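K.L.:
I would like to see how this sequence folds:
(one chain, ligands or ions: 1)
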Amino acid sequence: MSELKTVGIVGFGRLGQYLVNELLTNGAKWGLKLGFVWNRTASQQLYDSCGDSNLVLEELSQFDRYAVDLIVEVSHPVVIQEFGTKFVNHCDLMIGSPSCLADKHLEESLLLASNKSNRTVFIPSGALWGGNDIRKMSTRNTLKGLSITMHFHPDSLKLDGELKSLNDSILDKPITLYKGPVRQVCSLAPNNVNTMAAAAIAGYTLGFDGTVGCLIADPNLKDYHKIEIEVTGPSNVANNCRFSVSTTRLSPSMGNSAVTSMATFASFLSSLLNANKHMGKGFQLC
Ligand SMILES: NC(=O)c1ccc[n+]([C@@H]2O[C@H](COP(=O)([O-])OP(=O)(O)OC[C@H]3O[C@@H](n4cnc5c(N)ncnc54)[C@H](O)[C@@H]3O)[C@@H](O)[C@H]2O)c1
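P.N.:
Here you go, the predicted structure:
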């Protein structure tokens with residue numbers, strides 16, 4: 001049997017815990033093993049879950065002491081801001097918080113690092129439905145419009161500034177917190193709009209400036225995260241009929257404060273298994 005690929009997990013929140021448990025339990029049958037786990041605070045729960053204290057990375061700046069093939073970030077966009085290019089110089093990278101890529105400078109630095117090191121930067125589809133179809137349309141230059149509307153319970157939203165005040169003011173009716181280009185909302189709600197960012201990357205011909213994001217806080221949406229995706233393509237000049245696709249994804253969440261809905265955990269795991277293969281330089285949806 002060929003050697004197991006080694007995976008480092010950066011972040012030990014709900015997604016990180018789920019992935020660590022899957023790697024420890026089932027990794028070998030998928031050709032994967034856990035290389036390290038890092039969290040902002042290394043709790044006893046982290047040590048207990050890893051079983052072996054050597055698997056706990058205490059200082060993220062020392063990640064390169066571990067010979068890992070792939071690092072999976074499931075923490076916060078700021079971690080990719082600080083360490084993303086360093087990770088890519090060392091191994092493949094899967095970015096769980098792709099809202100960080102709204103920063104053009106960071107996107108360019110990651111691409112440059114990937115080109116130099118011939119490592120892959122994987123973007124998991126996460127909660128994005130139909131990402132590969134959107135990408136195909138982009139590649140054929142037939143993607144004309146893309147909009148993503150994300151509805152969350154107000155307690156699921158991790159916001160700052162003006163959006164936080166608006167969200168805090170909600171009583172019993174839904175409020176649209178933002179509608180406009182995805183690029184701007186990524187810095188306003190970085191933890192909650194990763195699906196919009198993944199869509200902007202899938203639909204790269206429209207990208208962060210041409211993809212429209214709408215963020216709605218809905219106090220009545222207690223047990224689900226709801227995502228609506230609207231795609232438009234070219235019209236048939238003969239009869240003026242336009243290509244369009246609309247999807248609605250209703251995914252149950254564990255409690256009102258969860259930023260990740262339940263089906264998204266399994267989607268992340270599938271993305272991790274897709275990222276098992278090194279795909280060469282550049283960004284790859286997985
Ligand atoms: N791509 C997608 O479609 C998608 C879907 C769901 C979640 N996500 C993202 O994946 C990440 C993890 O999700 P989760 O459900 O595990 O969230 P979570 O809130 O349960 O866990 C987040 C973890 O990151 C850590 N963290 C938070 N801020 C940090 C910071 N500034 N620096 C370092 N560490 C920090 C926390 O301590 C925690 O361990 C989040 O960024 C989330 O937005 C992406």
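
K.L.:
Can you show me the helices along the stretch 101-250 of the chain?
P.N.:
104-117, 131-139, 161-168, 182-188, 194-202, 207-210 (DSSP state H, counting those that start in this stretch).

K.L.:
The ligand is nearest to which of the ones you listed?
P.N.:
With CB to the nearest ligand atom as the criterion, the ligand lies closest to helix 194-202 of the helices of the stretch 101-250 of the chain, at 3.5 Å. Quick note: C-beta positions are derived from backbone N, CA and C, even for glycine.

K.L.:
Confirm for me that Ala199 is in contact with Ile134.
P.N.:
Yes: with contacts counted by CB atoms under 8 Å, Ala199 reaches Ile134, the gap being 6.5 Å.

K.L.:
Spell out which residues are contacts of both of those two.
P.N.:
When contacts are counted by CB atoms under 8 Å, 6 or more residues apart in numbering, the set common to Ala199 and Ile134 consists of Leu146.

K.L.:
What parts of the stretch 1-150 of the chain come near the ligand?
P.N.:
11-16, 39-40, 74-76, 78-79, 96-98, 124, 126-127 (CB under 6 Å from any ligand atom).

K.L.:
go with 5 Å
P.N.:
11-15, 40, 74-76, 78, 96-97, 126-127 (CB under 5 Å from any ligand atom).

K.L.:
Pull the number of nearby residues for the closest residue in space to Ser109 that isn't next to it in sequence.
P.N.:
Among residues not flanking Ser109 along the chain, Thr85 sits closest, at 5.0 Å (CB to CB, 6 or more residues apart in numbering). Counted with other CB atoms under 10 Å, residues neighbouring Thr85 total 21.

K.L.:
what residues are up against the residue most central in space within the chain?
P.N.:
Geometric centre of the chain, nearest residue: Gly96, 3.6 Å, by CA atoms, centre = their mean. Gly96 is in contact with 11, 15, 72-75, 124, 126, 194, 268, counting by CB under 8 Å, 6+ apart.

K.L.:
For Ala199 and Ile134, indicate the residue with more neighbours.
P.N.:
Between Ala199 and Ile134, Ala199 has the larger neighbour count (other CB under 10 Å), namely 31 against 28.

K.L.:
which one of the helices of the stretch 101-250 of the chain is the most hemmed in?
P.N.:
helix 194-202 (a mean of 28; mean count of other CB atoms under 10 Å).

K.L.:
Could you list the residues in contact with that one?
P.N.:
Residues from elsewhere that reach helix 194-202, judged by CB under 8 Å, 6+ apart: 96-102, 123-128, 131-132, 134-135, 138, 146, 148, 150, 182-183, 185-186, 206-208, 211, 213, 227, 229, 283, 285.

K.L.:
Let me know whether it sits next to the ligand.
P.N.:
Yes: Helix 194-202 reaches the ligand (CB under 5 Å from any ligand atom) through 194-195.

K.L.:
Provide the backbone phi and psi angles at Phe63.
P.N.:
Taking degrees, to the nearest 10, you get phi -60, psi -30 for the backbone angles of Phe63.

K.L.:
how deep is it tucked in, by neighbour count?
P.N.:
20.

K.L.:
Check Thr120 too.
P.N.:
As a burial measure, Thr120 scores 22 neighbours (other CB under 10 Å).

K.L.:
Quick one: mean pLDDT for the helix or strand containing Thr25?
P.N.:
In the assignment (DSSP states H and E), Thr25 maps to helix 14-26. For helix 14-26, mean pLDDT rounds to 96.

K.L.:
Remind me what that helix packs against, helices and strands.
P.N.:
Contacting helix 14-26 under the criterion 3 or more CB pairs under 8 Å, 6 or more residues apart in numbering; DSSP states H and E are the following elements: strand 5-10, strand 32-38, helix 44-50, helix 262-274.

K.L.:
and that helix with helix 262-274, angle?
P.N.:
50 degrees (axes from the mean of the first three to the mean of the last three CA atoms, to 10 degrees).

K.L.:
Dihedrals phi and psi, whatever residue of the stretch 51-200 of the chain ends up closest to the ligand?
P.N.:
Minimum separation of the stretch 51-200 of the chain from the ligand (CB to the nearest ligand atom) falls at Gly126, amounting to 2.0 Å. Per-residue torsions, Gly126: phi 50, psi -120 (degrees, to the nearest 10).
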